[in-house]
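Colleague: everything below, folded, please.
(one chain, ligands or ions: 1)
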Amino acid sequence: MAENTARKVLLQADDVCKWFPIKGWFFEEKRYVQAVNHVSFRLYEGETLGLVGESGCGKTTLARTVLRLIEPTSGAITFDGTDLMAQNKHQLRALRKDMQIVFQDPYSSLHPRMTVRQIIEEPMRIRGLYTGPGEREARVKELLQMVGLNETHMNRYPHEFSGGQRQRIVIARALATQPKLIICDEPVSALDVSVRAQILNLLRELQEKLGLTYLFISHDLSVVEYLCDRVAIMYLGQMVELGDTETIFNHPLHPYTKALLSAAPQVGNFGRRDRILLEGDIPSPADPPSGCRFRTRCPYAQEACAQVPQWVEAEEGHHVLCHRFQELDERA
Ligand code: SF4
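Modeller: Below is the predicted model of the structure:
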């Protein structure tokens with residue numbers, strides 16, 4: 001990919017696959033759930049890249065695979081200049097200080113019997129950080145302030161907080177080790193609409209202040225439009241389109257992206273056009289269609305689509321996986 005060469009690449013994934021074996025009888029041919037299939041992308045320092053797609057399309061598996069929280073089946077991954085695939089368990093553990101995750105559900109991601117102070121101190125304790133007298137306590141107070149809470153909250157338990165406050169605690173815990181990258185896995189989907197904007201604004205402020213890089217997983221296009229610099233669209237384990245947010249939301253090229261946007265008229269310009277209805281269900285990732293994986297639902301599928309499409313750069317920084325994108329774009 002020849003995109004944004006002046007910016008520092010923090011995370012790079014090349015041709016990454018994650019296939020889960022399906023258990024069967026010993027005489028049966030081995031089958032796999034192809035959760036992530038030949039995905040390549042770069043994440044630049046200080047940016048927010050949105051990963052978008054229907055549930056089950058492989059967004060979360062991809063995010064966990066590129067951090068080696070799940071072992072990739074194949075591919076190359078580089079984080080901050082280090083080849084992640086060449087690291088042993090011990091080396092990976094040391095690197096994890098720089099990569100943290102904020103999960104969707106702040107209710108289940110906090111230990112109910114630990115105080116806020118213990119929760120935020122835990123990652124520092126595990127990594128042996130802030131070991132001087134009073135240093136950890138001072139860091140907990142600083143982190144609570146950063147996320148809009150204060151030291152009076154330190155000795156309380158998670159059940160004493162609202163959903164939004166709990167997500168602030170989760171964010172404070174993620175920041176405890178001074179990470180470079182945070183994976184935000186649907187961080188506002190479980191929250192009330194009124195609280196969502198506050199958490200999104202907090203994530204933005206923290207990014208500006210601390211120079212954080214986010215990989216932001218969401219199925220909510222309006223949230224992605226608000227927060228992300230670039231967007232990657234996923235379908236059935238593959239990235240089908242990638243570009244800056246404005247381009248993707250105003251000038252999408254892939255038929256699947258167009259269908260997603262047509263169902264969300266409140267985002268970008270494209271979504272205000274006629275609704276594109278997709279027929280049929282998402283095929284099983286254990287038995288994906290040959291050629292273009294979208295061809296069983298694509299309204300523009302032709303014979304040529306039985307061949308595997310190539311990932312091409314349609315314009316600077318705008319990539320797409322479709323045989324017919326040019327022709328369809330000219331026709332629009
Ligand atoms: Fe549709 Fe063919 Fe493009 Fe796939 S390659 S998205 S089936 S037009």
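
Colleague: tally of neighbours for R324?
Modeller: 19 (other Cβ atoms under 10 Å). For glycine as for every other residue, the C-beta is placed from the backbone atoms N, C-alpha and C.

Colleague: who in the protein is up against the ligand?
Modeller: Applying Cβ under 6 Å from any ligand atom, we find that the chain lies next to the ligand at P255, C292, F294, R295, C298, Y300, A301, C305, P309, C322, H323, R324.

Colleague: output the residues you listed as JSON lines; include the columns pLDDT and secondary structure.
Modeller: Below are the residues of the chain next to the ligand laid out as JSON lines (pLDDT from 0 to 100; DSSP: H, G, I helix; E, B strand; the rest coil):
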{"residue": "P255", "pLDDT": "95", "secondary structure": "helix"}
{"residue": "C292", "pLDDT": "97", "secondary structure": "coil"}
{"residue": "F294", "pLDDT": "96", "secondary structure": "coil"}
{"residue": "R295", "pLDDT": "95", "secondary structure": "coil"}
{"residue": "C298", "pLDDT": "95", "secondary structure": "coil"}
{"residue": "Y300", "pLDDT": "94", "secondary structure": "coil"}
{"residue": "A301", "pLDDT": "95", "secondary structure": "coil"}
{"residue": "C305", "pLDDT": "97", "secondary structure": "helix"}
{"residue": "P309", "pLDDT": "97", "secondary structure": "coil"}
{"residue": "C322", "pLDDT": "98", "secondary structure": "coil"}
{"residue": "H323", "pLDDT": "97", "secondary structure": "coil"}
{"residue": "R324", "pLDDT": "96", "secondary structure": "coil"}
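
Colleague: enumerate every residue touching D185.
Modeller: Neighbouring residues of D185 by Cβ atoms under 8 Å, 6 or more residues apart in numbering: T60, A63, I101, V102, F103, Q104, I217.

Colleague: check what pLDDT P106 gets.
Modeller: Confidence at P106, expressed as pLDDT, is 80.

Colleague: need the contact list for the most centrally placed residue in the chain.
Modeller: Centroid check for the chain by Cα atoms, centre = their mean gives I217 as the closest residue, at 3.5 Å. Going by Cβ under 8 Å, 6+ apart, I217 touches G50, L51, K59, T60, A63, I183, C184, D185, E186.

Colleague: and the first one, that one's in a strand?
Modeller: So that's G50. Yes. Residue state for G50 (DSSP: H, G, I helix; E, B strand; the rest coil) corresponds to a strand.

Colleague: tell me the pLDDT at G56?
Modeller: The model's pLDDT for G56 equals 86.

Colleague: for the residue lying closest to Q12 once chain neighbours are set aside, helix, strand, or coil?
Modeller: Using Cβ to Cβ, 6 or more residues apart in numbering and skipping the chain neighbours, the partner closest in space to Q12 is T78 (4.5 Å). Of the three states, T78 takes strand under three-state DSSP.

Colleague: list the beta-bridge partners for T78.
Modeller: Following DSSP bridges, T78 is listed with bridge partners Q12, D83.

Colleague: that one: neighbour count?
Modeller: 18.

Colleague: take the contacts of D185 and keep only those in helices.
Modeller: T60, A63 (DSSP state H).

Colleague: residues in contact with the closest residue to T82 other than its chain neighbours?
Modeller: Spatially, and ignoring its direct neighbours in sequence, T82 is nearest to L95 (6.7 Å; Cβ to Cβ, 6+ apart). Counting by Cβ under 8 Å, 6+ apart, L95 touches F79, T82, L84, Q87.

Colleague: and if you look at L206?
Modeller: Here L206 is in contact with M146, V147, I171, L175, L212 (Cβ under 8 Å, 6+ apart).

Colleague: how near is the closest residue to P106 other than its chain neighbours to the ligand?
Modeller: Leaving aside its sequence neighbours, P106 sits nearest to R166 (Cβ to Cβ, 6+ apart; 3.7 Å). According to Cβ to the nearest ligand atom, to the nearest Å, R166 and the ligand sit 40 Å apart.

Colleague: neighbours of R166, how many?
Modeller: For R166, the neighbour count with other Cβ under 10 Å is 22.

Colleague: you'd agree it is in a helix?
Modeller: Yes. Using three-state DSSP, the assignment for R166 is a helix.

Colleague: I figured it hits P158, correct?
Modeller: Yes. Using Cβ atoms under 8 Å, R166 is in contact with P158, at 5.8 Å.

Colleague: with pLDDT added, can I get the contacts of L206 in JSON lines?
Modeller: Below are the contacts of L206 laid out as JSON lines (pLDDT from 0 to 100):
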{"residue": "M146", "pLDDT": "97"}
{"residue": "V147", "pLDDT": "97"}
{"residue": "I171", "pLDDT": "97"}
{"residue": "L175", "pLDDT": "97"}
{"residue": "L212", "pLDDT": "98"}
